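Asker: Pasted the sequence and its predicted model underneath.
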Amino acid sequence: MNLVAAVYASTECLPKEERYGLVGQMRRAAVSIPSNIAEGAAKGSTRELFRSLNIASGSLAELDTQLDLAERLFDLDVATTRAQLDRVHKLLTALLSSIRAKLNPPET
């Protein structure tokens, strides 16, 4: 949720003509991350959660690329947003790893 707020704040200063371009893409990708996590958690299945977390991870990768573009094209300061993105990436990677281990336990 903090990442979504950071993306909304950082995209406010982008040009108005980007409202339906890069700004819209960045905001949709950001909102998709917690939305997919919530959807997967609500389904009550470890496999469904894992699938939804993978989708969230893809949205996070999209947002990472879009942040790079905004930084290059518009000299946007993305330090705060990048810090939030990095934190979410670490948490999501750890959660995916943990669930993967549960779904595929080592053979004894």
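Answerer: Nice, thanks for sending it over. Residues are numbered from 1 along each chain as shown.
Asker: State which helix of this protein is the longest.
Answerer: helix 46-74 (DSSP state H).
Asker: Could you look up the next helix or strand downstream of that helix?
Answerer: helix 79-103 (DSSP states H and E).
Asker: Quick one: residues in contact with that following helix.
Answerer: Helix 79-103 is contacted by residues 2-3, 6-7, 9-10, 33, 46-47, 49-50, 53-54, 56-57, 60, 63-64, 67 when judged by C-beta atoms under 8 Å, 6 or more residues apart in numbering. Just so you know, the C-beta spots here come from the backbone N, C-alpha and C atoms, and that holds for glycine as well.
Asker: Put the buried members of the residues you listed into a PyMOL selection.
Answerer: To isolate the buried ones among those in PyMOL, judged by 16 or more other C-beta atoms under 10 Å, type:
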select buried, resi 3+6+7+10+33+49+50+53+56+57+60+63+67
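Asker: picking up where we left off before, from the contact counts, what lies against the longest helix of the chain?
Answerer: helix 2-11, helix 22-42, helix 79-103 (3 or more C-beta pairs under 8 Å, 6 or more residues apart in numbering; DSSP states H and E).
Asker: hmm, who's touching the second one?
Answerer: With contact meaning C-beta under 8 Å, 6+ apart, helix 22-42 is reached by 1, 3-4, 7-8, 11, 14, 48-53, 55-56, 59-60, 62-63, 66-67, 69-70, 73, 88.
Asker: Only alpha carbons, please: show it as PDB.
Answerer: C-alpha atoms of helix 22-42 as PDB (Å, rounded to 0.1, in the frame of the first residue of the first chain):
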ATOM      1  CA  LEU A  22       3.000   6.300 -18.500                       C
ATOM      2  CA  VAL A  23       1.200   7.600 -15.500                       C
ATOM      3  CA  GLY A  24      -1.800   5.400 -16.000                       C
ATOM      4  CA  GLN A  25       0.500   2.400 -16.600                       C
ATOM      5  CA  MET A  26       2.500   3.000 -13.500                       C
ATOM      6  CA  ARG A  27      -0.500   3.500 -11.300                       C
ATOM      7  CA  ARG A  28      -2.300   0.400 -12.700                       C
ATOM      8  CA  ALA A  29       0.900  -1.700 -12.100                       C
ATOM      9  CA  ALA A  30       1.300  -0.400  -8.600                       C
ATOM     10  CA  VAL A  31      -2.400  -1.100  -7.700                       C
ATOM     11  CA  SER A  32      -2.200  -4.500  -9.200                       C
ATOM     12  CA  ILE A  33       0.500  -5.600  -6.700                       C
ATOM     13  CA  PRO A  34      -1.500  -5.500  -3.400                       C
ATOM     14  CA  SER A  35      -4.700  -6.400  -5.300                       C
ATOM     15  CA  ASN A  36      -3.300  -9.700  -6.500                       C
ATOM     16  CA  ILE A  37      -1.800 -10.500  -3.100                       C
ATOM     17  CA  ALA A  38      -5.200  -9.800  -1.500                       C
ATOM     18  CA  GLU A  39      -7.000 -11.900  -4.100                       C
ATOM     19  CA  GLY A  40      -4.700 -14.900  -3.700                       C
ATOM     20  CA  ALA A  41      -4.900 -14.700   0.100                       C
ATOM     21  CA  ALA A  42      -8.700 -14.600   0.000                       C
END
